[in-house]
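Predicted model and sequence follow; I will ask about them next.
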Amino acid sequence: MDKYLVPSKPSSENPKPKPRRRPWQRSELQLNGKSDPKYRHSLSGLLMHSYSEIGAFPHFYHIDGKPCQTHMNRINDAANLGRQLPFRMQGVSAVDFDNKGIYLVSVTKSGCLTVHDFETLYCQSNDSLPRLNEDESKHLMHLYLQRQLDVVRWNLANQDEVACASVKSNEVLIFDIGYISSKPVEVLRTRRSLSILGSEIRKGLCDIAFMTTNDSRLIASDTHGVVNIWDRRKSPLPCLELITGSHNTLNTIQPHVDNQTIFGASKDGNIYMWDIRGGRTSAAFQCHNEAGHPPIASFKLASMLARIGSLKAQSDIGPKEIHSIDLDPSCPYQLAFHLYDGWSGVLDIYNSRVTHVHCPPPAWLNGASISTDLLYLRKPSWLPASSIYVVGSSTENGIHILDFYPDTSSPSHVDYKEDLLSLPEKNHQMKQNIFVPLSDGVTGCASHPLNGTIIAGTKHSSLIVVSQQHESF
């Protein structure tokens, strides 16, 4: 048999080494059920591009067979042939999911509190012939409270309770969704404050929050620069007051996951941090003529943004009203902020520096105006994973989906260099922030805690479902 074999010719060239196979990136997921954060981030672009509007539900609801006040205001607005009603009479002020994503609660400027069944909203959105109106019979609760409502939250430690408040009132109304009653089960109030002349100072409440481990502890920021903390077991009045040293409105608050640290952001562009366990305070914040706990730290956001050279070279940076702050559920040291002019970013609370910034085109560039938007405190939301931030546009009908991953590979990172990306990263889909056009202007967002579906409340009191489009074969 050897005579039939043809000897191979000796090669003068060095043999090319065989390319080494890349390790299987999903091995960790197969072993322990967890995927590498960088691998998830490499796929986040696909997730961000998959979102679109799949359903919109106007607030055409009824109470005792008659149109509710929000419904009536929407009809009157349409009858005015384009002349909008005053802002205080229309629009969804806030939306919030419970911990498991079973129910969604919303409040309107007109004073309606509604608890929706999420599955009903989602299924109606994915019907082959979706209905224009939500199935009201699936509502767990729908009340008209005869006052403007600006914020609503679920009790994180007791999912049967929701709390709502208004900038026109110093009361927090707490409802138990297990009871069919138009009256709250509990009403909390702020303490009275007197001016220099002895007259009572009228306070409103801008934001509220519950502690994750204590269903009796509730926090609310007010229009007089104070964070009020209640222990519901003791009194309907605050047991502790956190002060800022000024009387500027605190638009938003955010408890840390340790349930001991509280962040607050003001109308004049400052972010404050308190430790309710106590601690040493800088002399600059000690107020001898006012009872309360001063902050342990304060951040002037305009000064921090001015340290970003590329941003300062292109923009005139000054103090701006902060609409919202939110801690990243995937990365607890990332505190996202959203400003009145549509800017968003991330403050690294461990290193006290701004790491991410997103600056959409200014309103005047598109011939638009944000003056009417100042009447709404836009409320963004984090997706449950991948450090993706969702915020309503200040000038257009739609939402921005922002990649705020805690690394320089994020297109929003202040140290992002597109031309220095490694070749394997370039082979992946180019990471970028996404704008999703919607049928109405957005005032607030909430993301489902499990599947990431986005519910957007709008200026005309509708709920828009934003998710992946389901196609039938």
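Received the coordinates, thanks. Numbers count the residues shown, from 1 in each chain.

so W382 sits right up against D326, yeah?
Yes: W382 is within contact range of D326, at 5.8 Å (criterion: C-beta atoms under 8 Å). Using the backbone N, CA and C atoms, a C-beta is placed for each residue, glycine as well.

Which neighbours do the two have in common?
Both W382 and D326 are contacted by A336, Y389, under the criterion C-beta atoms under 8 Å, 6 or more residues apart in numbering.

residues touching R307, list them.
Neighbouring residues of R307 by C-beta under 8 Å, 6+ apart: R353, V354.

and if you look at N228?
By C-beta under 8 Å, 6+ apart, the neighbours of N228 are T190, R191, L205, I219, A220, S221, D222, P238, L240, E241.

What's the local residue count around the closest residue in space to the third one that isn't next to it in sequence?
Okay, so that is L205. Counting by C-beta to C-beta, 6 or more residues apart in numbering, L205 lies nearest to A165, which is 3.9 Å off, once chain neighbours are set aside. For A165, the tally of surrounding residues (other C-beta atoms under 10 Å) stands at 28.

repeat for F97
As a burial measure, F97 scores 21 neighbours (other C-beta under 10 Å).

Would you confirm that it contacts L104?
Yes: taking contacts as C-beta under 8 Å, F97 lies within contact range of L104: 5.6 Å.

Spit out the residues that contact the two alike.
Counting by C-beta under 8 Å, 6+ apart, the contacts common to F97 and L104 are F118, A446, I455.

Where helices are concerned, which of those residues count?
Of the positions in the shared contacts of F97 and L104, F118 sit in helices, assigned by DSSP state H.

can you list the shared contacts of F97 and L104 in CSV and add distance to N251 and neighbour count?
CSV is the format used below for those (distance: C-beta to C-beta, whole Å; neighbours: other C-beta atoms under 10 Å):
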residue, distance to N251, neighbour count
F118, 27, 20
A446, 18, 23
I455, 22, 27
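
Make JSON lines out of the shared contacts of F97 and L104 and add distance to W230 and pLDDT.
JSON lines is the format used below for those (distance: C-beta to C-beta, whole Å; pLDDT from 0 to 100):
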{"residue": "F118", "distance to W230": "29", "pLDDT": "95"}
{"residue": "A446", "distance to W230": "24", "pLDDT": "97"}
{"residue": "I455", "distance to W230": "28", "pLDDT": "97"}
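
Tell me which stretches of the chain form helices.
Here the chain has its helices, by DSSP H, at 27-32, 37-49, 69-79, 118-125, 301-306, 309-314, 423-427.

could the ones you listed go into JSON lines alongside distance to S169?
Shown next, in JSON lines, are those (distance: least, C-beta to C-beta, whole Å):
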{"stretch": "helix 27-32", "distance to S169": "50"}
{"stretch": "helix 37-49", "distance to S169": "39"}
{"stretch": "helix 69-79", "distance to S169": "17"}
{"stretch": "helix 118-125", "distance to S169": "29"}
{"stretch": "helix 301-306", "distance to S169": "29"}
{"stretch": "helix 309-314", "distance to S169": "39"}
{"stretch": "helix 423-427", "distance to S169": "52"}
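
Please report how far the closest residue to L143 other than its chain neighbours lies from A265.
Excluding its sequence neighbours, the residue lying closest to L143 (C-beta to C-beta, 6+ apart) is L113, at 4.7 Å. Remark: distance between L113 and A265 (C-beta to C-beta, to the nearest Å) = 25 Å.

same question, Q314
For Q314, the distance to A265 equals 24 Å [C-beta to C-beta].

again with G441
22 Å.

can you check L463 too?
Per C-beta to C-beta, L463 is found 26 Å from A265.

from the middle of its chain, how far away would stretch 176-189 be?
From the chain centre to the centre of stretch 176-189 is a distance of 26 Å (C-alpha atoms, centre = their mean, to the nearest Å).

what about that stretch, start to end distance?
18 Å (C-alpha to C-alpha, to the nearest Å).

again, but for stretch 454-468
Terminal residues of stretch 454-468 lie 10 Å apart, using C-alpha to C-alpha.

Same question for stretch 265-275.
Terminal residues of stretch 265-275 are spaced 15 Å apart (C-alpha to C-alpha).

contact partners of that stretch?
Contact partners of stretch 265-275, identified using C-beta under 8 Å, 6+ apart, comprise 225, 227, 242, 244, 246, 248-253, 260-264, 293-302, 319-322, 324-325, 335, 337, 339, 347, 349.

Now with 6 Å, please.
Stretch 265-275 has contacts (C-beta atoms under 6 Å, 6 or more residues apart in numbering) with 242, 244, 248-252, 261-264, 295-302, 319-322, 325.

now the residues you listed: which count as buried?
For the contacts of stretch 265-275, a neighbour count by 16 or more other C-beta atoms under 10 Å gives the buried set as 242, 244, 248-252, 261-264, 295-299, 301, 320-322, 325.

circling back to that earlier point, and the residue nearest to L143, what does it touch?
Counting by C-beta under 6 Å, 6+ apart, L113 touches V107, L143, L145, C164.

if we can go back for a sec, neighbour count: L463 and A265, which is higher?
A265 (29 against 23).

so the residue nearest to that one when sequence neighbours are not counted bridges to which residues?
In this structure, A265 finds its nearest non-sequential neighbour in I322, 3.9 Å apart by C-beta to C-beta, 6+ apart. Counting by DSSP bridges, I322 forms beta bridges with L339.

repeat for the one 5 residues further on
On the basis of DSSP bridges, L327 takes part in beta bridges with L335.

Distance-wise, check it relative to Y272.
As judged by C-beta to C-beta, L327 and Y272 stand 15 Å apart.

More neighbours: which of these two?
Y272 (25 against 18).

Could you measure from the residue nearest to that one when sequence neighbours are not counted over to D98?
Using C-beta to C-beta, 6+ apart and skipping residues adjacent in sequence, the residue nearest Y272 is P295, 4.2 Å away. Distance, P295 to D98, using C-beta to C-beta: 31 Å.
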